[in-house]
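> Okay, sequence plus prediction incoming.
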Amino acid sequence: MRYFIELSYSGTAYHGWQIQDNTFATIQQTINEMLSRLLNEPVFITGCGRTDTGVHAKQYYAHFDTTNINLIEEEKRWLFKFNNALPVDIAIYKIIEVKENANARFDAISRTYQYYINNKKNPFLINRSYFLFFDLDVNEMNNASKILFDYTDFSSFAKTNTQNYTNNCKIYKAEWRVDNHQLIFTISADRFLRNMVRAVVGTLLSVGRGKLTIEDFKKVIETKSRSAAGLSVPADGLYLTEVVYPANYFI
């Protein structure tokens with residue numbers, strides 16, 4: 001049977017979601033080992049996307065197959081066992097029954113990320129937010145964010161030398177808001193390129209600091225060159241916050 005799990009994690013101690021040859025410290029590897037041990041069979045979990053080293057997820061979905069058929073009937077017991085076996089920085093909230101061909105990665109229709117910037121030094125936000133003490137023109141950053149809706153090719157914000165079949169994305173939302181000493185950027189799209197959000201944020205910060213105009217921001221996108229965009233902001237301020245699937249997708 002195939003199941004989805006809904007989970008969240010702090011990415012600080014991990015080299016991203018995806019299994020890698022040179023490290024065991026990935027979210028996927030950690031969950032694979034836990035599920036295989038508790039379900040007493042080899043289990044390989046597939047995630048809804050790939051988060052980079054240090055990036056966090058407030059909502060994340062993944063699917064796996066198992067011969068165990070009582071996970072839903074005894075969900076409370078299995079959730080306790082799963083979470084008790086996982087490190088404290090990974091938590092599973094739900095086990096969801098799905099159709100046998102359901103796919104956590106390819107069936108998602110949108111994803112939302114948020115980036116947190118803290119303008120007041122706070123020891124409790126270490127590895128959770130980007131500390132930036134510069135004054136920023138948030139209104140101008142929001143004006144620049146609206147430009148993103150006019151484009152679909154975001155090669156300028158994509159990590160180079162990847163195997164993307166296309167750099168096209170449809171952005172549904174992009175906005176900044178101020179919450180006390182925090183500045184939060186929210187962006188939603190049908191898909192994201194590797195390192196895209198951090199590069200978009202870094203370039204918008206250049207607008208906020210007066211280093212780029214709105215017209216400059218347009219030109220950055222139109223050049224379709226990563227070298228034209230700003231530096232990528234640190235990973236620790238980035239969170240995957242929502243993953244959406246079609247209506248009535250879950251059984």
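Good, I have the coordinates.
> Which stretches in this structure count as helices?
For the chain, applying DSSP state H gives helices covering 27-39, 75-85, 138-147, 196-208, 214-223.
> got the buried residues for stretch 12-26?
13-17, 19, 26 (16 or more other Cβ atoms under 10 Å). In short, each C-beta sits where N, CA and C put it, glycine included.
> shaky segments in the protein?
Residue ranges of the chain with pLDDT under 70: 161-164.
> got the residue ranges for the strands in it?
In the chain, strands defined by DSSP state E lie at 2-9, 46-47, 56-65, 90-97, 110-118, 130-131, 171-179, 182-189, 238-244, listed in chain order.
> quick one: strands adjacent to the third one?
In the sheet containing strand 56-65, the strands it pairs with under DSSP bridges are strand 2-9 (antiparallel), strand 46-47 (antiparallel), strand 238-244 (parallel).
> just checking, Glu140 touches Val207?
Yes - using Cβ atoms under 8 Å as the test, Glu140 is close enough to Val207 to be in contact (5.7 Å).
> Need the contact partners of stretch 208-216.
Stretch 208-216 has contacts (Cβ atoms under 8 Å, 6 or more residues apart in numbering) with 134-138, 140-141, 143-144, 147, 203, 206-207, 220, 230.
> If we use 6 Å, what do you get?
Identification of contacts with stretch 208-216 by Cβ atoms under 6 Å, 6 or more residues apart in numbering yields 134, 136-137, 141, 143-144, 206.
> Check stretch 1-18 too.
Applying Cβ under 6 Å, 6+ apart, the contact partners of stretch 1-18 are 23, 25-28, 47, 50-58, 60-63, 65, 69, 71, 89-96, 98, 100, 102, 127.
> related to what we said a few turns ago, any chance of the strands paired with strand 56-65 in a markdown table with mean neighbour count and distance to Asn32 as columns?
Listed next are the strands paired with strand 56-65 as a markdown table, based on neighbours: other Cβ atoms under 10 Å; distance: least, Cβ to Cβ, whole Å:
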| stretch | mean neighbour count | distance to Asn32 |
| --- | --- | --- |
| strand 2-9 | 21 | 12 |
| strand 46-47 | 18 | 10 |
| strand 238-244 | 20 | 19 |
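> Dump those into TSV; add distance to Gln182 as well.
Listed next are the strands paired with strand 56-65 as TSV, based on distance: least, Cβ to Cβ, whole Å:
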stretch	distance to Gln182
strand 2-9	19
strand 46-47	28
strand 238-244	12
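> Lys121: which of those strands is closest?
Nearest to Lys121, of all these, is strand 238-244, at 19.6 Å by Cβ to Cβ.
> could I have the closest one exported to CSV, CA atoms only?
Extracted in CSV, the C-alpha atoms of strand 238-244 (Å, rounded to 0.1, in the frame of the first residue of the first chain):
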residue,chain,number,x,y,z
LEU,A,238,14.1,29.9,4.4
TYR,A,239,11.1,27.7,5.1
LEU,A,240,8.8,25.6,3.0
THR,A,241,5.4,26.4,4.5
GLU,A,242,2.7,24.9,2.3
VAL,A,243,2.3,22.2,-0.3
VAL,A,244,-1.0,22.0,-2.2
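> All set, thanks.
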